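1. Just a sequence and a predicted model for now, questions to come.
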Amino acid sequence: MNAVHDDTTAVSDGPELGGFSINSYDPRAYLDAFEEPPPPMISSEGIVAHNITEEFRSAAATLEPGELVKDGYFTLFESVGALEIGDPKMDSGCLAPGESLDDDYDVTRPLLPGEVIGIIDQLLSLEIAWHLGYPLSQTLFTSVYIEHMLQPTPMTVQDADFIRNRPPQSQRDPMHGVLRAYCLGLLKSSCYVNERIKQEHSYEEEDFVTNTYNRSLLEKIGRYEIRDEIMEARNIIHEIRHTITDEMAHALGFRLELRTAFLRAIELSELRSDAESLSLPWSQMQGVWEAINKTRHLGKPVPEAFSTKIQRRLASTMPPRPIVQLGPEETHEHFKKLIADGIDVLNVLNYSDSQSLLNFVLTFQAQKPQPLVFIRALLQNFLFHDMVILGRLSIRQILDDDLSIVVLPSSLLLDPANDNVEAPHHPRYAIAHQMELFRQRAAQSYLDIFRAFCQNRCRVRRTLFHSLQDWETVQIDAEEIDQLLQLQTEEKPLVYPPSSGVVPSHSLPLSSWAYHYKLRLMEWTVQLGFELEIYQPDELAGMYWYLSYLSRTRAQHLERIKFFSAHRLETTTATSQQTRSKAYLHLATLEATTTHHLATALSALYTVLARLDLIPRPPRPYGTDALRYQVRMKPFASIGLPELPSFESFTTAVLKPNVSTPALLESAAKAAAAARVGLEVLSKMGEGEAFATGGRGGGGTGFERWVGGARAWMRACIAVGVAVESVKRALVANADEKAGMGGLTMSVEVPRPENGYHEWWIVPRVSKGRF
């Protein structure tokens with residue numbers, strides 16, 4: 001006892017901690033902790049503390065719910081950077097007077113057949129809006145039925161119901177069963193679409209939003225179970241058809257059939273086999289969709305079945321966004337386009353040669369409007385899945401096929417027998433080794449061309465000019481391999497051009513092939529600049545001149561390839577590969593020459609219009625023409641061949657100060673006429689000659705699109721000739737050419753690319769009078 005007493009005394013005799021001690025326990029001190037603390041004691045002289053709490057509360061009480069008091073200096077940047085509590089535009093939790101936090105819609109209420117059709121049609125509209133790039137939070141996830149079906153996460157197909165905890169003995173309402181089956185098919189197909197797009201190369205901020213907000217799209221439920229649910233719902237419709245009209249029964253059946261066909265189409269696309277067999281469900285969808293469109297009038301809208309309040313449960317930091325509302329006609333056109341492109345994209349599986357494959361991708365992706373992201377993802381899947389091209393071809397087969405078409409028809413370098421030689425000192429062994437090194441170096445760059453064109457048009461251009469430096473390196477590496485192969489093939493150098501007296505040179509087939517594609521990439525980059533409206537009207541003369549410069553260089557390079565190919569043909573027996581290569585080189589040369597002539601004509605025409613002050617030149621107080629040229633040509637500045645002209649050379653070539661205006665117009669007319677001759681030949685070519693072969697399909701063929709493009713070029717060429725003649729007549733009618741704008745009664749309009757004949761050829765519209 002004494003020991004304990006001594007310890008207690010020792011503790012109590014020590015210093016107190018903040019006024020508390022073990023022996024002086026006062027419960028009132030703990031009660032005071034829950035009371036409002038006193039105002040802080042400010043000891044600074046000249047400062048008087050004043051409690052404004054009550055005044056602030058009374059002033060705030062006069063505000064309406066959602067009303068903000070915002071300082072005038074609170075800028076837009078600060079508004080966006082901070083979540084404005086109480087602002088309905090920024091705060092998803094802000095409620096209007098009398099508004100509830102959650103939606104009040106009762107998913108258990110009975111539905112009429114017309115209401116089910118109305119809800120399904122609204123879901124179709126939201127589905128296509130999601131395909132167009134809007135997030136699920138503004139489209140499918142605004143459906144109250146889908147939200148109740150997905151929360152909590154269903155683990156079995158029985159759990160996937162918007163009416164949970166249904167008594168086992170109770171019978172589901174037939175209309176509820178139809179709507180549930182449709183939602184199951186919709187969510188499962190959306191799951192496949194989302195996964196397919198995520199597996200392929202795309203840009204979420206530009207093309208598609210894959211975010212599911214931690215909601216399951218029925219990943220754990222098999223498609224066969226869902227297909228059975230849809231079939232059961234169709235049987236229910238058949239059983240109750242006597243209680244509803246036949247028209248209603250057919251309308252509901254068509255909508256369920258669409259879901260079955262879509263699931264089947266996605267399932268078959270994984271096979272990458274015969275295009276004709278894969279197109280059957282797509283063709284079925286095409287017919288069903290037209291039937292659905294004819295029965296839209298039977299639907300009764302149920303707007304209360306869709307709510308933006310669900311967004312509060314999807315993401316707490318997301319500002320409220322409106323539901324995306326597409327009209328019936330817009331929904332119909334987008335779905336029709338989706339199905340047609342789904343049929344058309346299957347034609348890529350009908351492989352004939354590498355150039356036809358490339359032309360198919362180019363023309364398919366150049367459609368206006370461009371195919372939706374899901375279709376472009378399917379195209380990538382067909383082309384690149386598991387690095388097996390089109391499901392049956394190796395990368396080597398595609399690459400060797402392209403080399404044989406462009407530079408090496410029936411060549412020893414591509415002979416498969418080279419791989420069977422095992423003697424290290426045999427020339428064929430060395431050839432096989434060097435060619436394999438080249439394939440490993442060039443394969444990825446070659447495939448990236450196809451992958452680039454599977455993106456949206458803005459991204460295509462950006463990817464292409466980033467690829468230019470890679471192709472520059474491929475060309476340098478290929479030239480080194482060419483020099484090693486010359487020793488094994490004992491190739492003799494030739495004088496090119498003939499009778500020119502220059503030093504003989506070798507054919508350099510691999511580096512020639514790389515240079516050819518590098519030039520094509522450079523041309524595509526410039527041409528896409530016209531399509532995407534990157535260049536100002538006063539820059540068109542210069543950019544068309546540069547396009548003419550590139551295409552002329554490519555035409556000259558193709559002539560060199562033709563020369564060496566013809567020499568090899570003289571020493572060997574003609575084969576089908578050599579005939580095919582000759583046809584391709586003829587086509588490529590004709591296309592490059594036509595591009596050169598048409599670009600030359602447009603450059604000269606815009607130069608004349610600029611001389612006459614008919615092309616507006618916006619003020620640029622913070623830049624010069626030299627700096628602007630540097631920015632425009634930045635993608636090509638690091639390219640060794642063809643060398644980028646200096647700004648002085650470029651300016652002289654475009655403005656042509658030593659050429660009179662009438663002479664410049666005459667040269668434009670001659671160039672347009674030469675381009676027209678070439679286009680007439682191109683437009684009359686067959687599928688094989690144009691290297692645009694492909695299978696038949698409901699969405700058209702690659703050849704039909706290729707012909708359509710050639711005809712659009714022809715119309716643009718004719719329009720250039722008409723514009724040149726109009727300017728000529730105006731100058732002749734004007735007695736004093738030096739009067740310029742004051743004497744010319746002529747006006748010029750530079751149309752937008754989509755309003756012209758072809759997106760790559762911006763032809764000015766010249767007319768009498770002034771705007």
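-> Sure thing, it's come through.

2. Flag every buried residue along stretch 723-733.
-> 723-724, 726-728, 730-731 (16 or more other C-beta atoms under 10 Å). To be clear about C-beta, it is placed using only N, CA and C from the backbone, and glycine gets the same treatment.

3. got the domain boundaries for the protein?
-> 113-349, 354-618+653-768 (automatic domain parsing).

4. Over to the most centrally placed residue in the chain: give its phi and psi.
-> Note on the chain: the residue nearest the mean C-alpha position is N456, at 2.2 Å, using C-alpha atoms, centre = their mean. Main-chain dihedrals, N456, degrees, to the nearest 10: phi -70, psi 160.

5. so it makes contact with D207?
-> Yes. Counting by C-beta atoms under 8 Å, N456 touches D207, with 5.8 Å between them.

6. How many residues are close by A566?
-> Residues within reach of A566, counting by other C-beta atoms under 10 Å, total 12.

7. helix or strand for it, which one?
-> Element membership of A566 [criterion: DSSP states H and E] is helix 540-570.

8. cool, A181 as well?
-> Using DSSP H and E, A181 sits within helix 174-199.

9. mean confidence score for the helix or strand that that helix is followed by?
-> Next helix or strand after helix 174-199 toward the C-terminus (DSSP H and E): helix 223-239. Helix 223-239 shows a mean pLDDT of 95.

10. which strands and helices sit next to helix 223-239?
-> The contact analysis (3 or more C-beta pairs under 8 Å, 6 or more residues apart in numbering; DSSP states H and E) places helix 223-239 against helix 174-199, helix 246-269.

11. Can you pull the phi/psi pair for M685?
-> Torsion angles at M685 (phi, psi; degrees, to the nearest 10) stand at phi -70, psi 150.

12. my bad, should have said S143
-> Backbone phi and psi, for S143 under degrees, to the nearest 10, turn out to be phi -80, psi 130.

13. now swap in L390 and tell me
-> Dihedral angles of L390 (phi, psi; degrees, to the nearest 10) stand at phi 60, psi 20.

14. Please apply the same query to S216.
-> Dihedral pair for S216: phi -80, psi 130, per degrees, to the nearest 10.

15. how near is it to W130?
-> Distance from S216 to W130, counting by C-beta to C-beta, to the nearest Å: 16 Å.

16. Where do the helices of the stretch 401-550 of the chain begin and end?
-> 427-452, 457-489, 509-531, 540-570 (DSSP state H, counting those that start in this stretch).

17. winner for burial among those helices?
-> helix 509-531 (a mean of 22; mean count of other C-beta atoms under 10 Å).

18. Give me the average confidence score over it.
-> 98.

19. pLDDT weak spots in the stretch 151-300 of the chain?
-> Counting by pLDDT under 70, the stretch 151-300 of the chain contains low-confidence ranges at 168.

20. how near is L314 to Q138?
-> In terms of C-beta to C-beta, L314 sits 10 Å off from Q138.

21. now do Q199
-> Q199 is 24 Å from Q138, by C-beta to C-beta.

22. can you check T594 too?
-> Computed as C-beta to C-beta, the T594 to Q138 distance reads 46 Å.

23. Nearest spatial neighbour of F306, chain-adjacent residues omitted?
-> Among residues not flanking F306 along the chain, T142 sits closest, at 4.8 Å (C-beta to C-beta, 6 or more residues apart in numbering).

24. That neighbour reaches L126, doesn't it?
-> Yes. Counting by C-beta under 8 Å, T142 touches L126, with 6.9 Å between them.

25. intersection of neighbour lists for these two?
-> Taking C-beta atoms under 8 Å, 6 or more residues apart in numbering as the criterion, T142 and L126 both touch 306, 323.

26. Is it possible to get CSV of the helices of the stretch 401-550 of the chain that adds distance to G756?
-> Formatted as CSV, the helices of the stretch 401-550 of the chain follow (distance: least, C-beta to C-beta, whole Å):
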stretch, distance to G756
helix 427-452, 24
helix 457-489, 16
helix 509-531, 9
helix 540-570, 12
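
27. closest to I117 out of the ones you listed?
-> helix 457-489 (37.1 Å; C-beta to C-beta).

28. So which elements touch the closest one?
-> helix 427-452, helix 509-531.

29. Of all those helices, which one is nearest Y496?
-> helix 509-531 (11.5 Å).

30. Report the angle between the closest one and helix 540-570.
-> 150 degrees (axes from the mean of the first three to the mean of the last three C-alpha atoms, to 10 degrees).

31. same for helix 509-531, what does it pack against?
-> With contacts taken as 3+ C-beta pairs under 8 Å, 6+ apart, helix 509-531 sits against helix 395-406, helix 427-452, helix 457-489, helix 540-570.

32. can I get these in a markdown table with distance to I221 and mean pLDDT?
-> Formatted as a markdown table, the helices and strands packed on helix 509-531 follow (distance: least, C-beta to C-beta, whole Å; pLDDT from 0 to 100):
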| stretch | distance to I221 | mean pLDDT |
| --- | --- | --- |
| helix 395-406 | 37 | 97 |
| helix 427-452 | 33 | 97 |
| helix 457-489 | 35 | 95 |
| helix 540-570 | 54 | 95 |
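
33. Relative to Y622, which of those is closest?
-> Judged by C-beta to C-beta, the one of these that comes nearest to Y622 is helix 540-570, at 19.7 Å.

34. so how far is stretch 471-482 from its chain's centroid?
-> 31 Å (C-alpha atoms, centre = their mean, to the nearest Å).

35. got the contact list for that stretch?
-> 434-435, 437-438, 441-442, 445, 506, 508-511, 513-515, 517-518, 521, 638-641.

36. Please repeat the previous calculation with a cut-off of 10 Å.
-> Contacts to stretch 471-482, defined as C-beta atoms under 10 Å, 6 or more residues apart in numbering, come from residues 413, 434-435, 437-438, 441-442, 444-446, 448-449, 464, 467, 491, 506-522, 638-641.

37. In the host helix or strand of L123, which residues are buried?
-> Element membership for L123 (DSSP H and E) is helix 113-131. Residues 113-131 are the ones in helix 113-131 that count as buried (16+ other C-beta under 10 Å).

38. What's the first helix or strand after it?
-> As assigned by DSSP H and E, the chain's next helix or strand after helix 113-131 is helix 144-150.

39. What helices and strands are in contact with that next one?
-> When contacts are defined as 3 or more C-beta pairs under 10 Å, 6 or more residues apart in numbering; DSSP states H and E, helix 144-150 sits against helix 113-131, helix 174-199.

40. could you dump those to TSV with distance to Y622?
-> What follows is these, written out as TSV (distance: least, C-beta to C-beta, whole Å):
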stretch	distance to Y622
helix 113-131	41
helix 174-199	41
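
41. closest one to L372 among these?
-> Closest of the helices and strands packed on helix 144-150 to L372 is helix 113-131, at 5.0 Å (criterion: C-beta to C-beta).

42. for that closest one, packing partners?
-> Short answer (3+ C-beta pairs under 10 Å, 6+ apart): helix 113-131 packs on helix 144-150, helix 174-199, helix 246-269, helix 275-294, helix 328-345, helix 373-384.

43. Just put those helices in JSON lines and tack on distance to E304.
-> Below are these laid out as JSON lines (distance: least, C-beta to C-beta, whole Å):
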{"stretch": "helix 144-150", "distance to E304": "8"}
{"stretch": "helix 174-199", "distance to E304": "15"}
{"stretch": "helix 246-269", "distance to E304": "21"}
{"stretch": "helix 275-294", "distance to E304": "23"}
{"stretch": "helix 328-345", "distance to E304": "19"}
{"stretch": "helix 373-384", "distance to E304": "30"}
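
44. Of all those helices, which one is nearest T75?
-> When those are ranked by proximity to T75, the top entry is helix 373-384, at 35.6 Å, counting by C-beta to C-beta.

45. Hey, what's the angle from that closest one to helix 174-199? Just curious.
-> Going by the same axes, to 10 degrees, helix 373-384 makes 50 degrees with helix 174-199.
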